[in-house]
Every structure is written in C-alpha cells, then in structure tokens.
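**Q** Based on what follows, work out the 3D shape:
(one chain, ligands or ions: 2)
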Amino acid sequence: MSVTPAQPTPAATPGPTTASLPTREQVRRAPKVVLHDHLDGGLRPRTVLELAGEVGHALPADTADDLATWFAEAADSGSLERYLETFAHTVGVMQTAAALTRVARECVEDLVADGVVYAELRWAPEQHTEAGLSLDETVEAVQQGIDEGCAAAGGRIVVRQLLTAMRHAARSSEIADLAIAWRDRGVAGFDIAGAEAGFPPTRHLDAFEKVKRANGHITIHAGEAFGLPSIWEALQWCGADRLGHGVRIVDDITVAEDGTVHLGPLASYVRDKRVPLELAPASNVQTGAAASIAEHPIGLLTDLRFRVTVNTDNRLMSRTSMTDEMADLVEAFGFDLDRLQWFTVNAMKSAFLPFDERLAIIEDVIKPGYAALRAEG
Ligand SMILES: O=c1[nH]cnc2c1ncn2[C@@H]1O[C@H](CO)[C@@H](O)[C@H]1O
Ligand SMILES: [Zn+2]
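**A** Numbers count the residues shown, from 1 in each chain. Ligands and ions are numbered 1, 2, ... in the order given. Alright, predicted model coming up:
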C-alpha cells in the first residue's frame, strides 16, 4: 500500500469575527438540505403527548415543555446506547397508519418552516408493526403524510424516504426488499442504524448486496460510536455511498505541531472519492462523539475539503433544527454564507435523487437563494 505523503496545512478556518456573518434569521431563510434526519427523532412534543393519550402509552412527562426537556436531557447522556433509549417514547406512539401519516406530514411542515428545500427522512419500518401494520403499510402511511405535507407546501420542498434496518436485529434483508419495491414511489435509499459497537455493518452484507444489485443507494451509520473499522466495512464491504456521521474518520488524520496534516489510507480514500459525510454536530455532542460544537471535527474536515454536509439527526432529542445547526456553526467557526452554501450544495450533490433533479434544485433554488441573502449585505 502506498504511503500518503504529508500535506501542507490548508488555510485555517477563520474564527468568529466579522459583522458580515449571517444572522440566525438569515440562516433560517437560507435554502437548506438535510440528508440525515430521523422521522422518529423529530416529532413535535405536543404530538407525542396527543398520540400517547390516544393509545395509552405512558410518558415520562405530561406537558409539551416538560417532555421536550425530558427528551433533550435524557438524550444528553454521552452514550449512543442511552441516547437511543429515548426512542421508545416516539416509536411507541407511531404504530398506526394515522399516527405515521400525521408525524410525516408535521415533519414536512416543520422542515419547510425551517427553510429546508430538500430532505431525506429515515426511519425503521420494522419498529412500527407492533399494532399489526405490515411493513408495506407502514411505508405507505409515511408516504401519505409526506405527500400531504409537500402538497400543502406548494413546491417549496422535495422529500424522500430512506428505509433503515436496525443493526442489532435480523430483518435487514426484508427492509432492503422493501426499499427496492418502493424506489419509484418515494423511497430513495437504504440505511442501517442503532447501536454501533458490536454490530458491524458486515452483519447485513446480504441486504447491502441486494440493494447494490438493484442499483439502489446506500448510506450507513458508521464512525459515530465506533471508529475506523466500522467506516472501512461500510465503504469497502457494504458499498455505502455516504457515511451517516462518519465523524471518526478524524482518527485517521494527524495534525503535527507545525500544522502539517497527514491523512491515513482510509481518510485519503474518503476524501479522494468525495464520500459524503453526514455530520450532525449537536447529536455528536450528546452521544459523546465530540466534546462541544466548537471542538467538533467539522472545522478540520471542512478545512481539508472533505465532502462535508450538515444535518440534524434527531430534532427532538437534540432540540435542534437545520437553522440551529448552521447558526451554531456560524457562531463557533465563523462560517459565512459562502460556506453555508458550500455545505448545502455538497448535500444536494450527494442526495439520492436523479442527477437532473439535483442540478435543478442547486441552480434554481439554492444558488439564487444564497445570492439573494448576499445581496442583503
Ligand atoms: O445517531 C444515531 N445513530 C444510530 N442510530 C440512530 C441514531 N439516531 C437514531 N437512531 C436509530 O434509528 C432508528 C430509526 O430511525 C431510531 O429508532 C433510532 O433507534
Ligand atoms: Zn442518525
């Protein structure tokens, strides 16, 4: 294997300085793209309360504000496993077609209000069959909600589903079939999620091969709670087109005291192949993958021109939105509108949507949207 040569340090990310940085309100109005947003991680607290009331699901709080606080605090655990325990209270109230449709419709409404113009929403159908729905019926119900939300938004947003299989379970092959069966009806790709340590992506090799043989798209949660082996398997065994998080790729990057940067073979591969990283700073801080937003490797990865994208992961558990994620990055790293546009174009280029449709959103929506904001001065 060839040795990766040391590289000169790129220009450092500017610190938060000038008055020309966008305000939070400008960030809200900027066109944004989210590739990594869990449908069951983005419910409105009030909706969780109402749906729980309908089905008699016991919750840890009984007002919307208290519930919002409970989710954020419980998820703020420093561990992915404990973070994931909070999903019992969202998945638990999403077991009927009506509930799935409502949650999907409200999700689209919330994303539109957040200035999102393209979204891929992921969720795990196998977790929504407790009350008797078939896998097919769960996908149909979610698509119904997406269609209603998009119709109400009058063309301001395009939304696709990603179907997730749970990595500790054994239904990934069925979920791969489901994703393939729904590919022309709103499903754009396949994912695996759940606890990472102890559940390597290669456990689901047959599912990934099935999707690949069908020319489908794959993203894999990898390099969040576990490091390089997980990323390597996702890319080199499972054929991932994108990395869900992938933040631990920094374990293969060294920065010497004189600022010289050295990329190991896996980090070089990820950058050279332009593998999109679905970074989600707020979520990473909660699960302990990063110490704080300011210390999040997004600064280094951006400087090194990896294909960085910014994502929410779970808006409810992380009490976040695309506006919050980007505005927090503006504050922590001094990112300007050009940089936010770069993240957004990176994301749109990496979407699991046909090339001509991606290009149309970049040229007709994203670039003019940022140009208008720049013109505000
Ligand atoms: O950041 C994450 N890492 C791994 N798994 C996750 C993350 N966020 C959510 N889920 C898991 O994905 C399922 C389907 O949406 C959720 O129920 C949750 O268990
Ligand atoms: Zn995720």
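**Q** would residue 36 count as being in a helix?
**A** No. According to DSSP: H, G, I helix; E, B strand; the rest coil, residue 36 belongs to no helix; its state is strand.
**Q** And for it, the neighbour number?
**A** By the criterion of other C-beta atoms under 10 Å, residue 36 has 30 neighbours. Using the backbone N, CA and C atoms, a C-beta is placed for each residue, glycine as well.
**Q** same deal with the one 4 residues further on?
**A** Here the neighbour count serves as a burial measure; for residue 40 (other C-beta under 10 Å) it reads 25.
**Q** For the residue lying closest to it once chain neighbours are set aside, pull up the helix or strand it's in.
**A** The shortest distance from residue 40 to any non-neighbouring residue, by C-beta to C-beta, 6 or more residues apart in numbering, is to residue 90 (4.6 Å). Using DSSP states H and E, residue 90 falls within helix 88-91.
**Q** what's that helix in contact with?
**A** With contact meaning C-beta atoms under 8 Å, 6 or more residues apart in numbering, helix 88-91 is reached by 40-41, 43, 48, 52, 57, 59-60, 71, 127-128, 316.
**Q** Alongside ligand 1, which residues does the stretch 101-250 of the chain contribute?
**A** 122-124, 127, 164, 193-194, 221, 224 (C-beta under 6 Å from any ligand atom).
**Q** Quickly name whichever of the residues you listed is closest to residue 81.
**A** Closest to residue 81 out of those is residue 194 (9.4 Å), distances taken as C-beta to C-beta.
**Q** what's the closest one sitting at in phi/psi?
**A** Main-chain dihedrals, residue 194, degrees, to the nearest 10: phi 110, psi -170.
**Q** Please list all residues in contact with it.
**A** Shown in contact with residue 194 (C-beta under 8 Å, 6+ apart): 84, 166-169, 221.
**Q** okay but residue 71 is in contact with residue 286, surely?
**A** No. The pair residue 71 / residue 286 is not scored as a contact, 10.6 Å apart, by C-beta atoms under 8 Å.
**Q** shared neighbours of these two, which are they?
**A** Residues touching both residue 71 and residue 286 (C-beta under 8 Å, 6+ apart) are residue 317.
**Q** thinking again about what came up before, which of the residues in the helix holding residue 90 are classified as buried?
**A** 89-91 (16 or more other C-beta atoms under 10 Å).
**Q** now do stretch 368-377
**A** Neighbour-count burial for stretch 368-377 [16+ other C-beta under 10 Å]: 369-370, 373.
**Q** Can you tell me what sits against that stretch?
**A** 22, 26, 29-31, 117, 337-338, 340-341, 344.
**Q** ok so, going back, output the helix holding residue 90 as PDB - backbone C-alpha positions only.
**A** Listed next in PDB are the C-alpha coordinates belonging to helix 88-91 (Å, rounded to 0.1, in the frame of the first residue of the first chain):
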ATOM      1  CA  ALA A  88     -39.100   4.000  22.900                       C
ATOM      2  CA  HIS A  89     -41.400   7.000  23.500                       C
ATOM      3  CA  THR A  90     -41.600   8.100  19.900                       C
ATOM      4  CA  VAL A  91     -41.700   4.700  18.200                       C
END
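**Q** Can you name the next helix or strand after it?
**A** The helix or strand immediately downstream of helix 88-91 is helix 97-113, counting by DSSP H and E.
**Q** Return the set of buried residues in that following helix.
**A** With burial defined by 16+ other C-beta under 10 Å, the residues of helix 97-113 counted as buried are 97, 99-112.
**Q** same check, this time on stretch 63-76
**A** Here stretch 63-76 shows 67-68, 70-72, 74-76 as buried, counting by 16+ other C-beta under 10 Å.
**Q** quick one: is it near ligand 1?
**A** No. Remark: stretch 63-76 sits outside contact range of ligand 1, by C-beta under 6 Å from any ligand atom, the gap being at least 9.4 Å.
**Q** what is the mean pLDDT for the helix or strand hosting residue 150?
**A** In the assignment (DSSP H and E), residue 150 maps to helix 135-153. The average pLDDT for helix 135-153 rounds to 98.
**Q** So which elements touch it?
**A** Secondary-structure packing of helix 135-153 (3 or more C-beta pairs under 8 Å, 6 or more residues apart in numbering; DSSP states H and E): helix 97-113, strand 116-123, strand 158-166, helix 172-181.
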